[in-house]
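Asks: Sharing a model prediction with you, sequence too.
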Amino acid sequence: MIDEQLATKMAEVEASFDETLTQMADPDVAGDQARYTEVAKHHAELRPVVETYHAYQAAIAEADEAQEMARAETDESMLTYLREQASAKQEEAADLIKKLQLLLVPKDPNDDKDVIIEVRAAAGGDEAALWAADLSRMYQRYAENHGWKSEHLGGSDAEGGGFKEVTFAVKGTGAFSRLKYEAGVHRVQRVPKTESQGRIHTSTASVAVLPEAEAVEVELDVNDVKVDVFRSSGPGGQSVNTTDSAIRLTHVPTGIKVSCQDEKSQLQNKEKAFRILRARLYQNQLDAQQAELSANRREQVGTGDRSEKIRTYNFKENRVTDHRIGLTINQLPTILEGDLDAFVDALTLDHQARVLSGGDPA
């Protein structure tokens, strides 16, 4: 049976659900597209909670009915059947309570947002740059697997191959909800192609996952932004090194700097740079509101030291271990091809369990 606190909560949810039905039938609401869309969205969010609760109530009612019939039954075979039915319905009710509790976990308001991912080579020199490129590819393959679109926003190539840093956007429903757990230091243990004696090297790359902010969500005064134009460097089109098309933005109040030089057009580079700047400022804004240092972007990526890691990828042993939840999967090649859902699902469940137990959800 549900406790008093959960029963009270469900009474509030049912009342709110019924109110959405009333509002959706109201001609005034139906005539206001923005308001109707908002109400319909809230209705859709509440519906699985209410349906699960009603299924729980039905299971409890059927268990009680079977127990009541068993008390008056004299036939031994029928008595056994009724007891089994009551037990099965009680188990079903218990499972539905667990499902209900998970559905009631507060939703991260950023879960439906697109994301901006920044991958930076950390400890390990040339091998770290190659590893940064591998991680970038892994996330873009993960995006493809989910039908999301990825968009390159900028980066800096390393001389020995790979990236010193690379930034790209992932666009799709639920992108942030699935990718937010990837923020942190990723450690790789493998034999580099340049290693002649077959020794295993340990390198790291840091990953930051930022919800992409709409312009209206961030207070960004263009007068606070210093814009520098400079000549692009590195590979690109024929004119990439001959025109002042690269852009560097400096947000004076926070000191945040963003550079973009991938496009030939100065305007396109400026647009991409402002998108990244808005995402970083939005993350800072969330940090201030939540007052949680662990959610700070700098905390996400740490120092990049080998000892700071959320996950280790060991090529020799064909294993990937997530140190936050102690999960190891021996399918490294498929994971690097973007098959991350086993980790994401486990991390999501761990987060929900800690929220339900009253622990730190960060």
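Replies: Looks like it came in fine. Residues are numbered from 1 along each chain as shown.
Asks: Could you list the low-pLDDT ranges of the stretch 201-350 of the chain?
Replies: For the stretch 201-350 of the chain, the stretches flagged by pLDDT under 70 are 214-217, 232-243, 288-308.
Asks: for the stretch 51-200 of the chain, same thing?
Replies: 194, 196.
Asks: the helices in it, which residues?
Replies: Ranges of helices in the stretch 51-200 of the chain, per DSSP state H, counting those that start in this stretch, are 76-103, 126-145, 175-179.
Asks: same deal with the stretch 251-362 of the chain?
Replies: 266-290, 297-301, 332-336, 341-356.
Asks: can the ones you listed go into a markdown table with extra columns for mean neighbour count?
Replies: Heads up, the C-betas are built off the backbone N, CA and C, glycines and all. Putting the helices of the stretch 251-362 of the chain into a markdown table (neighbours: other C-beta atoms under 10 Å) gives the following:
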| stretch | mean neighbour count |
| --- | --- |
| helix 266-290 | 18 |
| helix 297-301 | 17 |
| helix 332-336 | 16 |
| helix 341-356 | 16 |
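Asks: now for these, which one comes closest to residue 98?
Replies: Proximity to residue 98 (C-beta to C-beta) singles out helix 341-356 among these, at 9.3 Å.
Asks: Output the contacting helices and strands for that closest one.
Replies: Here helix 341-356 touches helix 76-103, strand 319-322, strand 327-329, going by 3 or more C-beta pairs under 8 Å, 6 or more residues apart in numbering; DSSP states H and E.
Asks: ok, back up a step: highest average neighbour count across the helices of the stretch 51-200 of the chain?
Replies: Across those, averaging neighbours per residue (mean count of other C-beta atoms under 10 Å) puts helix 175-179 on top, at a mean of 23.
Asks: tell me what that one is packed against?
Replies: Short answer (3+ C-beta pairs under 8 Å, 6+ apart): helix 175-179 packs on strand 115-121, helix 126-145, strand 201-211.
Asks: Please repeat the previous calculation with a cut-off of 6 Å.
Replies: strand 115-121 (3 or more C-beta pairs under 6 Å, 6 or more residues apart in numbering; DSSP states H and E).
Asks: which element is residue 228 on?
Replies: In the assignment (DSSP states H and E), residue 228 maps to strand 225-230.
Asks: if I read this right, residue 102 contacts residue 350, doesn't it?
Replies: No. If you go by C-beta atoms under 6 Å, residue 102 and residue 350 don't touch, sitting 12.0 Å apart.
Asks: since we're on residue 258, how many residues are nearby?
Replies: 22 (other C-beta atoms under 10 Å).
Asks: for it, which residues make a bridge with it?
Replies: residue 249 (DSSP bridges).
Asks: nearest spatial neighbour of residue 253, skipping sequence neighbours?
Replies: Of all residues not flanking residue 253 in the chain, residue 224 sits nearest, at 5.4 Å (C-beta to C-beta, 6 or more residues apart in numbering).
Asks: wait, residue 250
Replies: Closest to residue 250 by C-beta to C-beta, 6+ apart is residue 226, at 4.2 Å.
Asks: And residue 103, how close does it get to residue 48?
Replies: 6 Å (C-beta to C-beta, to the nearest Å).
Asks: Kindly report the same for residue 129.
Replies: Counting by C-beta to C-beta, the gap from residue 129 to residue 48 is 45 Å.
Asks: sorry, back to before: thought the residue nearest to residue 250 was touching residue 248?
Replies: No. Assessed by C-beta under 6 Å, residue 226 is found out of contact with residue 248, at 8.3 Å.
Asks: So if I had to pick from the two, which one is more boxed in?
Replies: Neighbour totals were compared for residue 226 and residue 248, and residue 248 leads with 16 against 11 (other C-beta under 10 Å).
Asks: distance between stretch 202-212 and the chain's centre?
Replies: 13 Å (C-alpha atoms, centre = their mean, to the nearest Å).
Asks: Same question for stretch 328-340.
Replies: On the basis of C-alpha atoms, centre = their mean, stretch 328-340 sits 18 Å off its chain's mean C-alpha point.
Asks: Same check on stretch 153-172?
Replies: 20 Å.
Asks: Now tell me what touches that stretch from outside.
Replies: 114-121, 126, 129-130, 132-133, 136, 143, 148-152, 234, 260, 262, 272 (C-beta atoms under 6 Å, 6 or more residues apart in numbering).
Asks: Can you point out the buried residues in it?
Replies: Going by neighbour count (16 or more other C-beta atoms under 10 Å), the buried part of stretch 153-172 is 153-158, 162-163, 165-170, 172.
Asks: which among those residues gets closest to residue 79?
Replies: Distance to residue 79 across these (C-beta to C-beta) is lowest for residue 172, with 54.8 Å.
Asks: Backbone dihedrals for the closest one, please?
Replies: phi 170, psi 150 (degrees, to the nearest 10).
Asks: Quick check: it vs residue 152, distance?
Replies: To residue 152, residue 172 is 16 Å away according to C-beta to C-beta.
Asks: Could you check how many residues crowd around residue 18?
Replies: 12.
Asks: Secondary structure element holding it?
Replies: Assessed by DSSP H and E, residue 18 sits inside helix 4-24.
Asks: Against which helices or strands is that helix packed?
Replies: Packed against helix 4-24 by the contact rule (3+ C-beta pairs under 6 Å, 6+ apart) you find helix 33-72.
Asks: The helix it packs on - contacts with which helices or strands?
Replies: helix 4-24, helix 27-30, helix 76-103.
Asks: Give me the nearest residue to residue 263, chain neighbours excluded.
Replies: residue 269 (4.9 Å).
Asks: Good, wrapping up.
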